[in-house]
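Asks: Quick one, what's the 3D model for this:
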Amino acid sequence: MKAYKLRLYPNKEQIEKLEFTLDTCRQAYNILLEELNEQIITDRNMIQAILPDLKICEPRFKEVYSKTLQYECYRLFSNLSALSVLKRNGKKVGRLRFKGKEWFKTINYNQSGFKLDKENKKLSLSKIGNVKIKLHREVEGSIKHITIKKSIDKWFVTILTDAVIKTECGDKVIGIDLGINKFIVDSENNVVNNPLNYTKNFSKLRKAHKNLSRKKKGSKNRLKSKKRLSKIYEKINNSRNDFLHKTSTNLIRKSKILVVEKLNIKSMMEQKYFNAKNIADSSWGKFLELLTYKAESAGCKLIKVNPKNTSKMCSKCSSIQDMPLWERIYKCKNCGLVIDRDYNAAKNILKLGQELSYVENDSSAQQESSMKQEAIISNSF
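Replies: Numbering: from 1, shown residues only. Now for the predicted structure:
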């Protein structure tokens with residue numbers, strides 16, 4: 001499935017209808033959750049059968065498209081299954097919570113109830129109308145699902161299609177070392193600096209938080225201050241996502257094999273608490289997720305290696321020495337190699353990846369030869 005995120009420009013009447021639909025879906029979700037909590041044995045069909053009764057008892061539910069309401073039952077049981085998966089994995093989980101207005105921001109149209117008019121640049125939504133849409137790129141494939149989301153005072157739509165679009169990968173074999181000031185240093189000594197969006201906007205955030213804390217709860221001025229603060233966070237998030245997407249795409253386009261470290265980011269943030277803010281701002285986890293799915297789509301091989309001693313080991317003679325974090329130049333005491341710390345780590349990561357891929361290829365070749373021998377022996381008898 002290919003996703004397209006596009007901006008919507010509804011008029012005042014359409015905004016009122018969108019707000020009404022959003023709140024009605026939230027109420028439907030809460031009613032279904034209440035029924036689920038009252039059941040001793042969970043029965044999904046019985047819970048879904050409540051929706052027609054709601055339309056009889058409460059006329060406002062008739063003003064919302066039926067499949068949009070039905071999706072809330074699917075959302076409820078998806079959340080329930082997600083909790084059960086976390087519980088099986090040993091995580092401590094509670095119960096599903098009722099949704100307040102600020103915690104419910106999406107409307108879903110599944111399979112029907114929508115139509116995209118590319119010529120007039122409008123999105124037709126059942127019970128809402130024809131909403132202006134900014135088509136900044138071509139939407140390919142047939143549309144299967146759309147999700148409308150409210151973000152502060154803006155409206156966006158995510159369109160899911162069945163289009164299969166593959167990115168072409170390159171022909172290089174590259175090892176990558178992730179860092180904070182230098183976000184990426186690869187085995188060819190190419191450097192991508194980290195924008196550190198949170199750090200750059202920290203003074204604005206501090207001022208906005210201070211301004212919000214001074215406002216009286218429930219007042220209009222507090223709502224305005226909260227909106228200003230949310231816009232700063234939105235800008236940081238958008239800038240970070242833009243950087244991560246562009247960087248990951250550029251790496252895929254020039255590589256056929258990428259070698260990265262298999263980092264335990266949560267553990268790193270707990271141990272290096274003084275640097276946890278910068279680690280979180282760097283978003284290594286999201287970057288690795290983007291690399292993974294983009295590499296799979298482009299046919300690029302992504303190898304994850306153990307990060308142990310990649311910064312301490314000499315890339316020339318493989319000797320190991322202590323390297324405190326503040327030492328940025330690696331000076332080997334054994335062979336005399338003087339090299340940038342991150343560049344040295346990237347070369348070691350590449351070497352580990354090549355060794356790992358060689359072992360995998362060798363084991364697969366041995367397995368294939370053993371299967372052939374078994375076939376020959378069985379045929380001889």
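Asks: Count the residues that sit near residue 320.
Replies: By the criterion of other Cβ atoms under 10 Å, residue 320 has 12 neighbours. To be clear about C-beta, it is placed using only N, CA and C from the backbone, and glycine gets the same treatment.
Asks: check contacts around it.
Replies: Counting by Cβ atoms under 8 Å, 6 or more residues apart in numbering, residue 320 touches 309, 312-314.
Asks: Please pick the buried ones from the residues you listed.
Replies: 312-314 (16 or more other Cβ atoms under 10 Å).
Asks: which one of these is nearest residue 59?
Replies: Distance to residue 59 across the buried ones among the contacts of residue 320 (Cβ to Cβ) is lowest for residue 312, with 69.9 Å.
Asks: Report the contact partners of the closest one.
Replies: 320-323.
Asks: Which pLDDT value belongs to the residue most central in space within the chain?
Replies: Most central in the chain under Cα atoms, centre = their mean is residue 286, positioned 5.8 Å from the mean C-alpha point. For residue 286, the model assigns a pLDDT of 94.
Asks: isn't there a helix covering it?
Replies: Yes. Judged by DSSP: H, G, I helix; E, B strand; the rest coil, residue 286 forms part of a helix.
Asks: so it touches residue 247, yeah?
Replies: No. Using Cβ atoms under 8 Å as the test, residue 286 is too far from residue 247 to be in contact (11.2 Å).
Asks: before we move on, back to that, of all the buried ones among the contacts of residue 320, which comes closest to residue 257?
Replies: When the buried ones among the contacts of residue 320 are compared against residue 257 (criterion: Cβ to Cβ), the nearest one is residue 313, at 20.7 Å.
Asks: Bridge partners for that closest one, pull those for me.
Replies: residue 320 (DSSP bridges).
Asks: so who does it touch?
Replies: Applying Cβ under 8 Å, 6+ apart, the residues near residue 313 are 319-320, 348.
Asks: Closest one of those residues to residue 166?
Replies: residue 348 (31.3 Å).
Asks: what's around the residue nearest to the closest one when sequence neighbours are not counted, how many residues?
Replies: Distances taken as Cβ to Cβ, 6 or more residues apart in numbering put residue 310 closest to residue 348, at 4.6 Å, once the chain neighbours are dropped. Other residues near residue 310 number 20, with proximity taken as other Cβ under 10 Å.
Asks: OK, contacts around residue 310?
Replies: Counting by Cβ under 8 Å, 6+ apart, the residues that residue 310 touches are 177, 261, 345, 348-349, 352.
Asks: For the stretch 201-350 of the chain, which segments count as helices?
Replies: 202-213, 220-254, 265-271, 276-282, 284-298, 341-380 (DSSP state H, counting those that start in this stretch).
Asks: The stretch 51-200 of the chain now?
Replies: 66-88, 197-200.
Asks: Pull out the buried positions in the first one.
Replies: Using 16+ other Cβ under 10 Å as the test for burial, helix 66-88 gives 66, 68-69, 71-73, 75-76.
Asks: Fine, thanks again, bye for now.
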